[in-house]
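Participant: Okay, predicted coordinates and the sequence, questions at the end:
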Amino acid sequence: MSIICITALVLGLVPQETAGQGGVLVVPGAMEAPEQPSRASRSRFRRSTRVDFPGATDNLGRIDAKLSSLVGVRGLEENHVSGFGLVTGLSGTGDSGPLATQLMSNTLLTQRINIDPSLLTSANIAVVKVDGFIAAGARPGQSFDVRVSSIGDATSLQGGVLDYCVLMDPSGTVAYGSAAGSITVGGFTASGQGATTTKNHVTVGTLAGAGKIERLIPTSVVTEHGYIYLDARNGQFSLGNTKRMADRINALYPGMAEPLTDGRSIRVGILGGLEESDYISYLESILELEIPTDNLARVVVNERTGVIVMGGDVRLRPGVITHNSIILTIAETPEVSQPTGLSQGETVVVPRTDLRVEEGDAPLVQIGGAVTLEQVVSVLNVLGASPRDMIAIMDSLVNAGLLVAELRRL
């Protein structure tokens, strides 16, 4: 711009009074050079401070629990039904491919409406998978909850309505239910030309009471051979619990309970002369019995959420450990560089990268042995690791034989 202004001054096109501060001439109506990018890429990682909770007294004694909390009755399980359906009424957030239009065309054919799928648009419809669980003993006509999840590229099911669909058994041969109704996604999404805001997961929704049982699912707590089977619930299995449950049942009904060889199940016979109408009362009297349960040495970790749960009989042997946190931060923010006016330059995209690596300086830490849950927590807290780092530490402790517990990952 200054070259143009000086040339104009030499030719006498503008008076000298147009010179601005610093000797730079300002010509009215002249083209200004575009502002060049100056913003740099940035990325930050922040770790919140640890929150300490008051310690709890460790109790190594066994806790008495009812059999109904430890076992499930075979034959009283929930029944999974599923199907595929069509969601309509979406606000431009539906599928973009031909799958939705083809399914819509097939649905219209059931209503004796024949339309070429190419004439349909899919912006307001989406194909979903529908899942439901029917409780044991539920009768035809009763309702149950269903869940829908998008299987196409729909961006949101918010405001959609599930069209009538049939729900089948796992084999896909028998229809046990149906579903239809308005979808609740438990969140929302809003977008403009330059920004989008989303709360929760909007491509999965629920329909409370929208499922209807169409066919009775046979249910019986007593098998055709006259036995009741009790199976250990998840997280409650131990050989000690199985033996004590069988002994407790036999103490009330001698010779009626027998542990199976898998160690997880107990077979209970029916008392001689017991009427069929008394089966439920007989089973209820068994489930109300109590036994002292094992305090299992188990550590359950969830790597997705960073949750760690430890059982009461976890033990820790002495050892030495060190851990280091490495934080790698990469930020890419490309910017556009434009040439000055009347120049021969070209507009280019200038990459802007901010790369930062932080590594902590952690010394070797000697950890002492711990024989109670409270001591284990105190020792592990000395490391000062985050929950996600602690998951890796516990994995290493178990492999090294220092943490005496069963490690389960979710």
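Facilitator: Nice, I can see it.
Participant: mind listing what residue 302 touches?
Facilitator: Residues near residue 302 by CB atoms under 8 Å, 6 or more residues apart in numbering: 308, 409-410. For the C-beta atoms, the positions are set from N, CA and C on the backbone; glycine is no exception.
Participant: Just these: which are in strands?
Facilitator: 308, 409 (DSSP state E).
Participant: Scan the contacts of residue 302 and report the most crowded one.
Facilitator: Neighbour tally across the contacts of residue 302 (other CB atoms under 10 Å): the maximum, 15 neighbours, falls on residue 308.
Participant: quick one: the helices in the stretch 101-250 of the chain?
Facilitator: Assigned by DSSP state H, counting those that start in this stretch, the stretch 101-250 of the chain shows helices spanning 239-252.
Participant: Among the contacts of residue 302, which one lies nearest to residue 115?
Facilitator: residue 410 (46.8 Å; CB to CB).
Participant: follow-up on the earlier one: just the closest of the contacts of residue 302 to residue 180, please.
Facilitator: For the contacts of residue 302, the nearest to residue 180 is residue 410 (33.8 Å; CB to CB).
Participant: for the residue most central in space within the chain, phi and psi?
Facilitator: The residue lying closest to the centre of the chain (CA atoms, centre = their mean) is residue 304, at 8.0 Å. Main-chain torsions, residue 304, degrees, to the nearest 10: phi -70, psi -40.
Participant: distance of the closest residue to it other than its chain neighbours from residue 378?
Facilitator: The shortest distance from residue 304 to any residue other than its chain neighbours is 7.6 Å, reached at residue 410 (CB to CB, 6 or more residues apart in numbering). From residue 410 over to residue 378 the distance is 25 Å, taken as CB to CB, to the nearest Å.
Participant: same thing with residue 129?
Facilitator: 47 Å.
Participant: Residue 229 and residue 265 touch, don't they?
Facilitator: Yes - with contact defined as CB atoms under 8 Å, residue 229 counts as touching residue 265 (5.8 Å).
Participant: hmm, back to that, got a markdown table for the contacts of residue 302, with distance to residue 168 and pLDDT too?
Facilitator: Formatted as a markdown table, the contacts of residue 302 follow (distance: CB to CB, whole Å; pLDDT from 0 to 100):
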| residue | distance to residue 168 | pLDDT |
| --- | --- | --- |
| 308 | 39 | 81 |
| 409 | 33 | 81 |
| 410 | 29 | 77 |
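Participant: Wasn't residue 320 part of a strand?
Facilitator: Yes - assessed with DSSP: H, G, I helix; E, B strand; the rest coil, residue 320 lies in a strand.
Participant: Provide the count of other residues in contact range of it.
Facilitator: Neighbours of residue 320 under the rule other CB under 10 Å: 9.
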